[in-house]
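>>> structure, please.
(chains A, B, C and D)
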Number of protein chains: 2
Amino acid sequence: MSDLTLRQLRYLSALADTRHFRKAAEREGISQPSLSVQISNLEETLALPLVERGRGPVTLTPAGREVLLRAQAILDDVQRLMDVSTTLKSGLSGTLRLGVSPTLGPYLMPWVVAELHGAYPDLSLYIRESTPTDLRHELERGGHDIVLTQLPMSGADLTSRRLFREPLSLVAASDHPLANRTQITDHDLAGQAILSLGPAYALHDQIAALCADTGAELQRDYEGTSLDALRQMVGMGMGATFLPALYIASEIGKTDPSLTICPMKRPALHRSVGLVWRKRSGNLSAFDRIADAITRVAKDRFAGLITIETR
Amino acid sequence: MSDLTLRQLRYLSALADTRHFRKAAEREGISQPSLSVQISNLEETLALPLVERGRGPVTLTPAGREVLLRAQAILDDVQRLMDVSTTLKSGLSGTLRLGVSPTLGPYLMPWVVAELHGAYPDLSLYIRESTPTDLRHELERGGHDIVLTQLPMSGADLTSRRLFREPLSLVAASDHPLANRTQITDHDLAGQAILSLGPAYALHDQIAALCADTGAELQRDYEGTSLDALRQMVGMGMGATFLPALYIASEIGKTDPSLTICPMKRPALHRSVGLVWRKRSGNLSAFDRIADAITRVAKDRFAGLITIETR
DNA sequence: AAATTTCAATAGCTTTTTTCTATCGACTAA
DNA sequence: TTAGTCGATAGAAAAAAGCTATTGAAATTT
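Take a look at the predicted model:
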């Protein structure tokens, strides 16, 4: 005894509509015997008589009606599945699992979510924050579709697109020795205590490199777990740090009296922010459009703060 | 490009569960290439990439997840359809379309519905009243599954089962000449005006036959459209009539002063009540159980009034 | 009553679909 | 480099679905 097939359900539905084997077969574009066979296969599979044969219009048994009802619901769902695939082709519907670094998410995502929601109402976002290291693991494992983070993000089979460059500014407590200088040189940094996020963050590597470069002392014993924690530590005089422009704009602003943003002489320090996804994941155009949306937001909201990458 | 099949959806589901082509194939009891082919057929049908191939566990694309979600819903529905077929085999679930004569329905069905509902909670009833003539047409057309009416109901391909015999009593207005007789003979009926339902009712034929037999005059110009109408006409002195016991018990009782139930000398007049269905309709055991339920009700509620048919 | 028509089932054969085995090519791990 | 894993591909075999032709049963017409 064979399995139940959609074909059988389709034929049953046609038969119920036409109440006539030959007409149903015609409507389905097959011969009458083929339809007869499929209907009796279905009856055999369910071990139930579904139609009363005989002269006059075919009649469904009570069981047949019940089966028909469910069959039509199933066929409708299948039709909807096929319909929705058209929408899915655009790649901007369904659920997109987006991972984002905590150094970006809170300051950028609110705008991005609004933008994407407006532009692609069928797209629902599932957003999770993790450290860049975890983001990379999750991305490779398939737990995220796409990741927004500081670049570079290394990894086999990963592709990235740079979106913008964001200045990093030296921030110190207002009573910090560096806070009063009109311009800070590399030499000024030598020996200074510099705070940083943990090594799971790309920002850490960048700051560490700079410290090695200038002779500043990276405080390995107090690694922040968030930019906010870092700001608190700086405020308490534990050292200076480098904070990204979006964070400063969002959480410190120009008027925080306890913290000072120190002007640097060296060519401005930047970090690159971009989207990363698996090479194989396919929906390139979709991801490009996500990237465009984020770029749009960045341009509209933070035009003066950051440098948009051109493609 | 082929159609979408349940098989493809099943395989997709297995693949999503195992995240591995070979294991999914094993779980489905087929070879790995067969599964590969079916998955790519599905992708081709939907014109969508659904899975990311590559080393490490297979990952669904966002579109793939959306498709999977719907696929699983569909597969669940199919499974439920197969499950329900087990219940449907008993014949006492789903919807049973029951036609009933207006001379029986209001006085019997309330109890029957309660009984059936209690005994077969999965069975829902769709009950419609029509004249026996219409009932027969609808039954033959397939509009009803089963009909409860006065017998006989003729018709090719119809089978019936007698349930009980119900006495018919002569009813007249209390000021009617016949009302005071201690016992009515056939001779007393000669020339009396007798009212009846329309010829669409089996009761009509029976009363008409009795009139021809005894010389009573059937009033063809005032045919009632319901037993209640008939009772009103009798109450207004337009003539006498024969009413079935269940109706009398339900609507007249022993204490209605304006109407008199006249004792007849001739062997008690009865009508037969039973169930009728199409020979081909199959679910014999189901209909037998319906019949049993009605008999049970009749026995419990109207034991003294009627005569239960033994099988 | 016999002949004709209608309708679905059946039989036998053909086409299409599904599956299998075997193998390939890409990649990983030793 | 070698062996092993994984999914895709090729070609043949098996299964399913379809077709034509015919049968059998019932209904209608002659």
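>>> okay, now residue A:230: neighbour count?
Residue A:230 has 25 neighbouring residues, counting by other C-beta atoms under 10 Å in any protein chain shown. Where you see a C-beta, it was placed from the backbone N, CA and C, and this is true even at glycine.
>>> could you do residue A:130 as well?
Neighbourhood size, residue A:130 [other C-beta under 10 Å]: 21.
>>> could you check how far it is from DNA strand D?
According to C-beta to the nearest atom of the strand, to the nearest Å, residue A:130 and DNA strand D sit 26 Å apart.
>>> skipping its backbone neighbours, what lies nearest that residue in space?
With sequence-adjacent residues excluded and distances taken as C-beta to C-beta, 6 or more residues apart in numbering or on different chains, residue A:130 is closest to residue A:99, at 6.2 Å.
>>> quickly find the element holding that neighbour.
Element membership for residue A:99 (DSSP states H and E) is strand A:94-100.
>>> is the helix or strand just after that strand anywhere near chain B?
Per DSSP H and E, strand A:94-100 leads on to helix A:105-119 as the next helix or strand towards the C-terminus. No. Against chain B, helix A:105-119 shows no contacts by C-beta under 8 Å from any C-beta of the partner chain, the least distance being 13.4 Å.
>>> buried set for helix A:105-119?
Within helix A:105-119, the residues that qualify as buried by neighbour count (16 or more other C-beta atoms under 10 Å in any protein chain shown) are A:105-109, A:111-112, A:115-116.
>>> let's see it as CSV, backbone CA atoms only.
Taking Å, rounded to 0.1, in the frame of the first residue of the first chain, the C-alpha atoms of helix A:105-119 are listed here in CSV:
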residue,chain,number,x,y,z
GLY,A,105,24.1,47.2,18.3
PRO,A,106,22.7,49.6,20.8
TYR,A,107,23.8,52.7,19.0
LEU,A,108,23.0,51.7,15.5
MET,A,109,20.4,49.0,15.4
PRO,A,110,17.4,51.0,16.6
TRP,A,111,17.6,53.1,13.5
VAL,A,112,18.4,50.1,11.3
VAL,A,113,15.5,48.1,12.5
ALA,A,114,13.2,51.0,11.8
GLU,A,115,14.6,51.5,8.3
LEU,A,116,14.4,47.8,7.4
HIS,A,117,11.0,47.4,8.8
GLY,A,118,9.8,50.3,6.7
ALA,A,119,11.5,49.2,3.5
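>>> does anything pack onto that helix? Which helices or strands?
strand A:123-129, strand A:146-151, helix A:245-247, helix A:284-302 (3 or more C-beta pairs under 8 Å, 6 or more residues apart in numbering or on different chains; DSSP states H and E).
>>> for residue A:87, what are its contacts?
Applying C-beta atoms under 8 Å, 6 or more residues apart in numbering or on different chains, we find residue A:87 in contact with A:93, A:122.
>>> excluding covalently adjacent residues, which one is nearest to residue A:106?
Excluding its sequence neighbours, the residue lying closest to residue A:106 (C-beta to C-beta, 6+ apart) is residue A:250, at 7.5 Å.
>>> wait, isn't that neighbour in contact with residue A:107?
Yes. Look at residue A:250 against residue A:107 with C-beta atoms under 8 Å: they come within range, at 4.4 Å.
>>> now list whatever residues contact both of the two.
Both residue A:250 and residue A:107 lack any common contact, where contact means C-beta under 8 Å, 6+ apart.
>>> so what's the residue count around the nearest residue to residue A:46 once chain neighbours are set aside?
Once flanking residues are discounted, residue A:46 sits nearest to residue B:85: 4.0 Å by C-beta to C-beta, 6+ apart. For residue B:85, the count of nearby residues is 20 (other C-beta under 10 Å).
>>> in the host helix or strand of residue B:85, which residues are buried?
Residue B:85 belongs to helix B:62-89 when assigned by DSSP H and E. Applying a neighbour-count criterion of 16+ other C-beta under 10 Å, one finds B:62-68, B:70-72, B:74-75, B:77-78, B:81-82, B:84-85, B:88-89 buried in helix B:62-89.
>>> what about residue A:276, which helix or strand?
Counting by DSSP H and E, residue A:276 is part of strand A:270-278.
>>> what packs against the strand holding residue A:99?
Applying 3+ C-beta pairs under 8 Å, 6+ apart, one finds that strand A:94-100 contacts strand A:123-129, helix A:132-141, strand A:146-151, helix A:284-302, helix B:62-89.
>>> among the ones you listed, which comes closest to residue A:14?
Closest to residue A:14 of the helices and strands packed on strand A:94-100, according to C-beta to C-beta: helix B:62-89, at 17.5 Å.
>>> tell me the angle of that closest one relative to strand A:146-151?
150 degrees (axes from the mean of the first three to the mean of the last three C-alpha atoms, to 10 degrees).
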